[in-house]
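Enquirer: I would like to see how this sequence folds:
(4 chains)
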2 protein chains.
Amino acid sequence: MFEFALLGLLHEAPMHGYELRKRLHDLLGAFRAFSYGSLYPTLRRLQRAGLIVEEGPEESALSWGRRARKVYKLTPEGKERFAELLADAGPQTWDDDSFGVHLAFFSRTPADVRIRILEGRRRCVEERREGLRERLTRTGEQIDRYTRELHRQGLESTEREVRWLNELIAHEQSERDE
Amino acid sequence: MFEFALLGLLHEAPMHGYELRKRLHDLLGAFRAFSYGSLYPTLRRLQRAGLIVEEGPEESALSWGRRARKVYKLTPEGKERFAELLADAGPQTWDDDSFGVHLAFFSRTPADVRIRILEGRRRCVEERREGLRERLTRTGEQIDRYTRELHRQGLESTEREVRWLNELIAHEQSERDE
DNA sequence: AGGCGATTATATCGCCGCGATACATCGATT
DNA sequence: AATCGATGTATCGCGGCGATATAATCGCCT
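Expert: Predicted coordinates for the structure are as follows:
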């Protein structure tokens, strides 16, 4: 959900495209890279949907020397939409692509939604882990050495992620109970 | 490179679409899922390119009881194309999406190409790791707790992957030298 | 015998994100 | 003076995905 990420960043402050991309890259550097081929079309989509608007002409003498840029800001509808997305804890918030984005905006996410997202993510990773385990312990049909190595690495990394999620969940619960 | 994966599987034996997808899911379960929305268009593309053909009508009484299926097999051009892809060690073989696929076909990949792919992948992961390290140790602008947690997890997992790749590379080298 | 869900099987649709590319201006290095 | 790298907006085609349609067969329960 690129849309979610852009709304989230604009929620902090009005920004232009290039800066949004940089901030996003900085925020999620490890995971998704979001190219310009997604950025500008998405901005236009959001604009058409009335969730963002270009800020006034603003060709103030101050900021001159710089090239033409379009600074966007959230509309009230945009803020509302962002709040809705923040409150969502559906399956699509768990998948590899969007989980990182959601985590990055966790400090503005309601506490109960946070826990539900983390638990959903955990179940998702656990399922993958079980699939890998099954494939690795399966007798019959010997597997290719490299494929086995791939699965071994996948298994270890999913195990680590589950442990990590457990810590995050425990932390959320202790915070809730205090 | 879906194309690569399909050619690779058909290189083992002729197969129909549904089975290809299952084999692929089994081979790469952890990583990519390849939906039918990619499968059938890709098969048609390969067919149009003359890399695969449908096997003869083959409505033998034996296999009846089953629904109509289209069994594909490689053409000589298809085999050639697969060999070319196997010999490739360019940047696109290192990225998250295709590295797993290439590894799954490593036993049929020339030894020197294997090492170059592994080293390329290592450099790629190392770069990501450095980015994460830099972001985490950077003083100034305190980061959100959750974002930091995300980056911490990313850092550890890239570190593990680098170690894993080092083992694979060492193994390749020792095999080469013996 | 009958029904029903799961599996096997092919196929399409629209959307979304990516990589490549183009273009233009600015500051810094050489 | 020239060139390079960053800043900045934008488009194009392609490839992959999720949802969906369709349909036959298999195994299971009653």
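Enquirer: what residue is smack in the middle of chain A?
Expert: Centroid-nearest residue in chain A, with Cα atoms, centre = their mean: A:V101, separated by 1.3 Å.
Enquirer: which residue packs closest to that one, ignoring adjacent ones?
Expert: For A:V101, ignoring the flanking residues on the chain, the nearest one in space by Cβ to Cβ, 6 or more residues apart in numbering or on different chains is A:A5 at 5.0 Å. No exception for glycine: its C-beta is placed from N, CA and C like everyone else's.
Enquirer: output the contacting helices and strands for the helix or strand where the one you found lies.
Expert: Per DSSP states H and E: A:A5 is located in helix A:2-12. Other helices and strands packing on helix A:2-12, by 3 or more Cβ pairs under 8 Å, 6 or more residues apart in numbering or on different chains; DSSP states H and E, are helix A:17-28, helix A:36-48, strand A:52-54, strand A:71-74, helix A:76-87, helix A:96-104.
Enquirer: so which of the ones you listed is nearest DNA strand C?
Expert: helix A:36-48 (1.9 Å; Cβ to the nearest atom of the strand).
Enquirer: so the closest one, near DNA strand C or not?
Expert: Yes - among the residues of helix A:36-48, A:Y36, A:G37, A:S38, A:P41, A:T42, A:R45 lie within reach of DNA strand C under Cβ under 7 Å from any atom of the strand.
Enquirer: restricted to buried residues, select these in ChimeraX.
Expert: Remark: buried members of the residues of helix A:36-48 next to DNA strand C, expressed as a ChimeraX selection using 16 or more other Cβ atoms under 10 Å in any protein chain shown:
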select /A:42
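Enquirer: closest to A:D177 among the residues of helix A:36-48 next to DNA strand C?
Expert: Set against A:D177, the nearest of those by Cβ to Cβ is A:T42 (39.7 Å).
Enquirer: any idea how far that closest one is from B:E167?
Expert: 41 Å (Cβ to Cβ, to the nearest Å).
Enquirer: same question, A:Y72
Expert: In terms of Cβ to Cβ, A:Y72 sits 47 Å off from B:E167.
Enquirer: between these two, point out the one with more neighbours.
Expert: A:Y72 (23 against 11; other Cβ atoms under 10 Å in any protein chain shown).
Enquirer: what residues sit buried inside the longest helix seen in chain A?
Expert: Of all the elements of type helix in chain A, the one with the most residues (DSSP state H) is helix A:145-177. Judged by neighbour count (16+ other Cβ under 10 Å), helix A:145-177 contains these buried residues: A:146-147, A:149-151, A:153-158, A:161-162, A:164-165, A:168-169, A:172.
Enquirer: before we move on, what about stretch A:121-135?
Expert: Result for stretch A:121-135 [16+ other Cβ under 10 Å]: buried residues A:R121, A:R122, A:C124, A:V125, A:R128, A:R129, A:G131, A:L132, A:R135.
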